[in-house]
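1. With the sequence up front, the predicted model follows.
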Amino acid sequence: MTPAELSAALRDALTAAVTAGELSLDPADVPAEVRVERPKNRDHGDWATSVALQLAKKAGVPPRDVATLVQQRLLTVEGVKAVEIAGPGFLNITLDAAAAGELARGVVTAGAAFGRAATPSGERINLEFVSANPTGPIHLGGTRWAAVGDSLARVLEAGGATVTREYYFNDHGAQIDRFARSLLARANGEPAPEDGYGGGYISDIAAAVVAKVPGTMDLPREEQQETFRREGVELMFAEIRASLAEFGVEFDVYFHEDSLHASGAVDRAVQKLRDLGRIYESDGATWLRTSDFGDDKDRVVLKSDGNPAYISGDLAYYLDKRERGFDRCVIMLGADHHGYVNRMMAMCAAFGDTPGVNLEILIGQMVNLVKDGVPLRMSKRAGTVVTMEDLVEVVGVDAARYSLVRSSVDSSIDIDLDVLTRRSNDNPVFYVQYAHARTANVAVNAATAGVRREDAFEPSLLTDETESLLLAALAEFPAVVARAGELREPHRVARYLEELAGRFHKFYDACRVTPRADEEVTDVHRTRLWLNDATRQVLANGLTLLGVSAPDRM
């Protein structure tokens, strides 16, 4: 019995009590999904639910009365061994061995679909992440967002949402001017502008522009700068896209900021807000009443000289996303944008939308690289920052992605390169990948020994404590994925995989899937192979959600 099947049985029990007139509830009050969780103390059973406490007030009876009605019906469900009422009305449920073990076959049968929503949710989500300026390589903060953003997109898709991965291409504004002047200065052998960009990559891009457009240096100075602007941005962004692709991250949409201004989208957004009564004129400038929606002050949209202020692009971009049909816009920003959240939420509300529903903003904290106990601050190529390429060069894509995803984005993280290059249990990605490789090796050895899954499956034989604990961990995977999506926390998947790997290693040490040389193949061996293969499937499914490979050999 899977958690989903148990949840359905609980819902059926509640519905039956309502239909029989034993529980005074509107049928609509019965939750579509009854949440079941693993009790912290396994002596309390396999699963627990607080649904009786949740419904007692609406039903007008004590929680234990609701729990008793559910208990009576649940005890008649095949596979349920015991149901106990604890405390004010918690239900602790124990399954019989066969029902618990049946999960192994269910996982193998479901394959890559296990842990994914059975039906689409219908929700359309625009997930914007990385969006690094095309003025240099992606630094560690952007690399973290690349790993977390892509993993979050996969998790949300597993939950049934339709997700569009979007990169906001900042090709409009002062930073592009500084980039072009930096390239021009380097090509002319001049010092970098005081407010410009340095690093070896500037020399590389400048040389590439000169090689791509012969005669550039013969042009008038102004035309040289325009050539370096046009070609330099294109070349730099091509490098960024190539780095992301190597990192396993592909975007569905690359949205150009400059298009908002060229297409009149900014003017349309301002006019819409004007029609809604959110715009006013003062001191020759055009203002948005963001203070009416929680911002600390109103914001200038159009300056007194008629040029758009920075927020005007945000207005147009948000409206464009909503007009493209997205129900929810999720934006991932670095820690330096924390003070930007209130004005963005106020902007959302000014359009008549709901902050936190139609617009979500996730803030990520800093990443530090450590080697030999010393923080790394410099890049060979970028000069001032450590880049995506620096990290991947040292530890590889899998270790880089996994290490960046396994911690909550709310916290700063230190990545110890010495640990990540070590082939030991101290290295979390090695620990999980090695568990998968071990399951693959077990399957190969089983085939050699003549242990075949299709010959038998007797789930009641899975009675060893390590088997029970492994089954319990496997059963939690769908809920972990769902929760990771709800809370926008893909690190939950990584932490779960580490726990699952630990459970499998203990099972491996305690229970043989293949017989010893003098033993015959029995149904115990065959059934354990189902459990081994189920573990292999869930490890692979979880690693896929993180964009990390599941090797068969290590």
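-> In hand now; what should we look at? Owing to the predicted nature of the structure, the values given are computational and were not obtained by experimental measurement.
2. contacts and neighbour counts: CA atoms only from here.
-> Fine.
3. okay, now residue 196: neighbour count?
-> Other residues within reach of residue 196, judged by other CA atoms under 10 Å, total 18.
4. again, but for residue 395
-> Neighbours of residue 395 (other CA under 10 Å): 17.
5. and if you look at residue 403?
-> Neighbour tally, residue 403, other CA under 10 Å: 22.
6. Let me see the contact set for residue 251.
-> By CA atoms under 8 Å, 6 or more residues apart in numbering, the residues touching residue 251 are 164-167.
7. give me that answer again for 6 Å
-> Listed by CA atoms under 6 Å, 6 or more residues apart in numbering, the contact partners of residue 251 are 165-166.
8. per-residue pLDDT, it?
-> Residue 251 is assigned 97 on the pLDDT scale.
9. ok, now residue 169?
-> Residue 169 is given a pLDDT of 88.
10. how about low-confidence regions in the stretch 351-500 of the chain?
-> 378-384 (pLDDT under 70).
11. Would you map the strands across the stretch 101-250 of the chain?
-> 124-128, 162-169 (DSSP state E, counting those that start in this stretch).
12. highest average neighbour count across those?
-> Across these, averaging neighbours per residue (mean count of other CA atoms under 10 Å) puts strand 124-128 on top, at a mean of 22.
13. what about the longest helix in the chain?
-> helix 221-246 (DSSP state H).
14. which strands and helices sit next to it?
-> If contacts are counted by 3 or more CA pairs under 6 Å, 6 or more residues apart in numbering; DSSP states H and E, helix 221-246 sits against helix 174-187.
15. now for the helix it packs on, which elements pack on it?
-> helix 221-246.
16. Parallel or antiparallel, list what pairs with whichever helix or strand comes after the helix it packs on.
-> Later in the chain than helix 221-246, the nearest helix or strand by DSSP states H and E is strand 253-256. Here strand 253-256 is paired, per DSSP bridges, with strand 162-169 (parallel).
17. Just give the nearest non-adjacent residue to the residue nearest in space to the middle of the chain, would you?
-> The centroid of the chain falls nearest to residue 152 when counting by CA atoms, centre = their mean (1.8 Å). Nearest non-adjacent residue to residue 152, counting by CA to CA, 6 or more residues apart in numbering: residue 490, 5.6 Å away.
18. on that earlier part again, buried residues, the longest helix of the chain. List them.
-> Buried residues in helix 221-246, counting neighbours by 16 or more other CA atoms under 10 Å, are found at 224-225, 227-229, 231-237, 239-241, 243-244.
19. thinking again about what came up before, right, and the residue nearest to residue 152 touches residue 481 too?
-> No - using CA atoms under 6 Å, residue 490 is not in contact with residue 481; the gap is 8.0 Å.
20. higher neighbour count, the two?
-> residue 490 (32 against 25).
21. which residues are contacting the one helix or strand in the chain whose mean pLDDT sits lowest?
-> Every helix and strand of the chain was ranked by mean pLDDT, DSSP states H and E. The lowest is strand 374-376, at a mean of 81. For strand 374-376, contacts defined as CA under 6 Å, 6+ apart pick out 369-370.
22. Give the pairing partners of that strand; include direction for each.
-> Applying DSSP bridges, one finds strand 374-376 paired with strand 367-371 (antiparallel).
23. what kind of secondary structure is residue 361 in?
-> Following DSSP: H, G, I helix; E, B strand; the rest coil, residue 361 is assigned to strand.
24. low-confidence ranges in the chain?
-> Confidence mapping of the chain against pLDDT under 70 gives the ranges 378-384.
25. in it, what residue sits furthest out from the centroid?
-> Within the chain, the residue lying farthest from the chain centre (CA atoms, centre = their mean) is residue 218, at 49.5 Å.
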